[in-house]
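Enquirer: starting from these lines, generate the structure:
(one chain, ligands or ions: 1)
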Amino acid sequence: METLGVPSPLPCKSFLNSTTRTEITLKPGVFRQMGVVSTLWRQKRSNLGSLTFGRSVSGGEKGGFRSSQDGSSTMEDKEEEEGLLLGAKRDDSVSVVGFHLISPSAAGDSQAISTLDKLATDGEEVTEDIEREEKIPTRVTHNIIFVTAEAAPYSKTGGLGDVCGSLPIALAARGHRVMVISPRYLHGGPSDKNFSGTSDVGCGIKVYCFGGAQEVAFFHEYREGVDWVFVDHPSYHRPGNPYGDIYGAFGDNQFRFSLLCHAACEAPLVLPLGGFTYGEKCLFIVNDWHAGLVPVLLAAKYRPYGVYKDARSILVIHNLAHQGVEPAITYKNLGLPPEWYGALEWVFPTWARTHALDTGEAVNPLKGAIVTADRILTVSKGYSWEITTVEGGYGLHELLSSRKSVLNGITNGVDDTEWNPSLDKHIPSHYSIHDLSGKVECKIALQKELGLPIDPDCPLIGFIGRLDYQKGIDIILSATPELMDEDVQFVMLGSGEKQYEDWMRVTESYYKDKFRGWVGFNVPISHRITAGCDILLMPSRFEPCGLNQLYAMRYGTIPVVHSTGGLRDTIENFNPYAQESSGEGTGWTFSPLSRESMLVALKLAIQTYREFKPSWEGLMKRGMERDSSWDNAAVQYEQVFEWAFIDPPYIS
Ligand SMILES: Nc1ncnc2c1ncn2[C@@H]1O[C@H](COP(=O)(O)OP(=O)(O)O[C@H]2O[C@H](CO)[C@@H](O)[C@H](O)[C@H]2O)[C@@H](O)[C@H]1O
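Expert: Predicted coordinates:
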């Protein structure tokens, strides 16, 4: 198949005018393209002695691609336009053992440039830093490709968007070269402006699936150290959200996300981002079923032809309940060799079949990823265990158990620039752990905005999330009449199943002074609810990680949660009898998931809020103090990257 080969440079116009070069001009530039170098900047200029300035070195080949040490390739004409840097590669004794070619730069790394300029003229300081450098352990950096159906702020319907909008930035900040690849959704509404900073790479390609050659283009924006790449195709341009519209899920989602996977496999080979492709030795981080075909394609379509032999893939499961299952007959559309059918084969149990002739045969891209990815991650440790059980495995528990040795859980982080009560642009008053006064102002403003009676002493309970089975809306629904007997206010923000949206509207009209139901998806309101409420309720049936409880704690809002998955991992149950500064807790966890146990936990929280103010303040402060940084999570991801590259590819 055409897309199998090492990419042809032909589709990319800029590759055509290669010229012979014998000299490369070295000039200070941006170091983003070679992650290892940006790490060096952060490590306070260690290794800077290795950079050579204002000189020319002999080198260069005649036109065409040339490989740099990490397997990525570059083009001569680009070099000519922008110049190149050499970054020295040193061994443990600081001897130079080779050079990296470093991409020239784009705007944005002016700090690095100025540091470099300064150091270039400051020999003494350089020498000193080289001496210091010996103490800094070398960190391995990777070329990382995130494949995802959503990435905030470009697209977001839930937590997947948050994670894929933040984790890549944290990894780039740690020196990795990171690309995020996702569809360029244009819904014909205000959200289209999210892509206004992107531009066409001018590198359209054809991918082969669904019975023909599908033409896709790539748009790109370099932001916060990350290459944000968007696959463009007419099937991503339609009203609704990334997955569906008012009539339900789009019928061609299998096509749309297969296209994403094919394009994502080509992108590292063909896109000359900043002058360099990512190359074959990269690490694919594939998120949920939408990206599930990537590891299968690597194994079935690329490696047999010698491509991506050194690449690795990690499947990150954010939600096992969604697997992208489609009838078996659609396998032929996926652009995979027929003999790989077994990797995606999925048979529904007899009870789940719809009629007597239904054989239950289907294809399951998430299953395909589970059996081909080099490693598997979930977004909390608790969930990584739950998915190996019958109750939490959604039919995949046996397969997942069989891969236990490469299955880990890493708890999601919080984007501190987006979710920070002392900076948040969506809330009316800022506050911090040192001065909580702004929180009550946020509460009053929220009551005003929602048209609820203004009463700073009335416990205000919030819920934010998709209105579906996972989030335990049915439990909220059954408990609301009893909850409304209390002197409380309750606000819910969410969209999803129509029956629950209707219920929210009806409940609001019934409890006018106590209940507000905001139907829809509204990020600014979600921030104001998180800041203005005293309690955040999360009775999730299962929760792979959960982000709202992390945001709530960051905002001094006390979570009351069902003890499951990531909620159990991140919330410590309040213990009023604990000795000072040990085990006092950060919220309430209840179990089993029932109306009764949820009400008990909520009433305890309400009582504590009313009668034990110092305890409440302690709860708030302990939550606000928690380290939920993405950097913390990124360090753990790096450990998994290391393991992925220690082992040979799982399917070679
Ligand atoms: N109506 C609305 N208006 C505005 N914002 C809204 C909203 N409804 C939800 N959101 C926002 O969407 C995000 C939801 O994130 P969650 O992690 O709680 O759930 P989700 O089930 O989508 O994610 C899945 O993936 C994530 C990421 O790994 C896991 O944490 C989680 O457990 C798993 O189910 C939050 O940022 C929330 O504020």
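Enquirer: quick check, residue 525 in contact with residue 516.
Expert: No - counting by CB atoms under 8 Å, residue 525 does not reach residue 516; the two are 10.4 Å apart. The C-beta positions use only the backbone N, C-alpha and C, and glycine is treated the same way.
Enquirer: which of the two has more neighbours?
Expert: residue 516 (22 against 19; other CB atoms under 10 Å).
Enquirer: check the gap between the residue positioned nearest the centre of the chain and the ligand for me.
Expert: Nearest to the mean C-alpha position of the chain, counting by CA atoms, centre = their mean, stands residue 164 at 1.9 Å. Distance of residue 164 to the ligand, given as CB to the nearest ligand atom, to the nearest Å: 9 Å.
Enquirer: that residue sits in which helix or strand?
Expert: Element membership of residue 164 [criterion: DSSP states H and E] is helix 159-173.
Enquirer: the helix or strand hosting residue 589 packs against which elements?
Expert: Residue 589 is located in strand 588-590, with elements delineated by DSSP H and E. Packing partners of strand 588-590 (3 or more CB pairs under 8 Å, 6 or more residues apart in numbering; DSSP states H and E): strand 558-562, helix 595-611.
Enquirer: could you measure from residue 478 over to the ligand?
Expert: Between residue 478 and the ligand the distance is 21 Å, computed by CB to the nearest ligand atom.
Enquirer: ditto for residue 306
Expert: According to CB to the nearest ligand atom, residue 306 and the ligand sit 35 Å apart.
Enquirer: what's around that residue, how many residues?
Expert: Around residue 306 there are 11 residues (other CB under 10 Å).
Enquirer: same deal with residue 648?
Expert: Residue 648 has 11 neighbours, counted by other CB under 10 Å.
Enquirer: what do you get for residue 532?
Expert: Neighbours of residue 532 (other CB under 10 Å): 28.
Enquirer: kindly report the same for residue 435.
Expert: With other CB under 10 Å as criterion, residue 435 counts 10.
Enquirer: next one: residue 524
Expert: Neighbour count of residue 524, defined by other CB under 10 Å: 11.
Enquirer: quick check: closest non-adjacent residue to it.
Expert: The shortest distance from residue 524 to any non-neighbouring residue, by CB to CB, 6 or more residues apart in numbering, is to residue 426 (4.2 Å).
Enquirer: my guess is the one you found contacts residue 527. True?
Expert: Yes - using CB under 8 Å, residue 426 makes contact with residue 527 at a distance of 3.7 Å.
Enquirer: more neighbours, those two?
Expert: Neighbours per residue, other CB under 10 Å: of residue 426 and residue 527, the larger number sits with residue 527, 21 against 15.
Enquirer: the more buried one: which element?
Expert: Element membership of residue 527 [criterion: DSSP H and E] is helix 523-532.
Enquirer: OK, contacts around residue 285?
Expert: By CB atoms under 8 Å, 6 or more residues apart in numbering, residue 285 lies in contact with 144-147, 313-314, 316.
Enquirer: ok, the residues you listed vs residue 565, which is closest?
Expert: Distance to residue 565 across these (CB to CB) is lowest for residue 316, with 14.6 Å.
Enquirer: tell me the helix or strand right after the helix or strand where that closest one lies.
Expert: Residue 316 is part of strand 312-317, with elements assigned from DSSP H and E. On the C-terminal side of strand 312-317, the nearest following helix or strand under DSSP H and E is strand 326-327.
Enquirer: so what does that following strand touch, helix or strand wise?
Expert: Counting contacts by 3+ CB pairs under 8 Å, 6+ apart, strand 326-327 packs against strand 361-363.
Enquirer: quick check: buried residues in the strand it packs on?
Expert: Buried positions in strand 361-363, judged by neighbour count with 16 or more other CB atoms under 10 Å: 362-363.
Enquirer: partners of that strand, with directions?
Expert: Within its sheet, and counting by DSSP bridges, strand 361-363 is paired with strand 326-327 (antiparallel), strand 345-347 (antiparallel).
Enquirer: need the ones you listed in CSV with mean pLDDT, can you?
Expert: Below are these laid out as CSV (pLDDT from 0 to 100):
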stretch, mean pLDDT
strand 326-327, 95
strand 345-347, 94
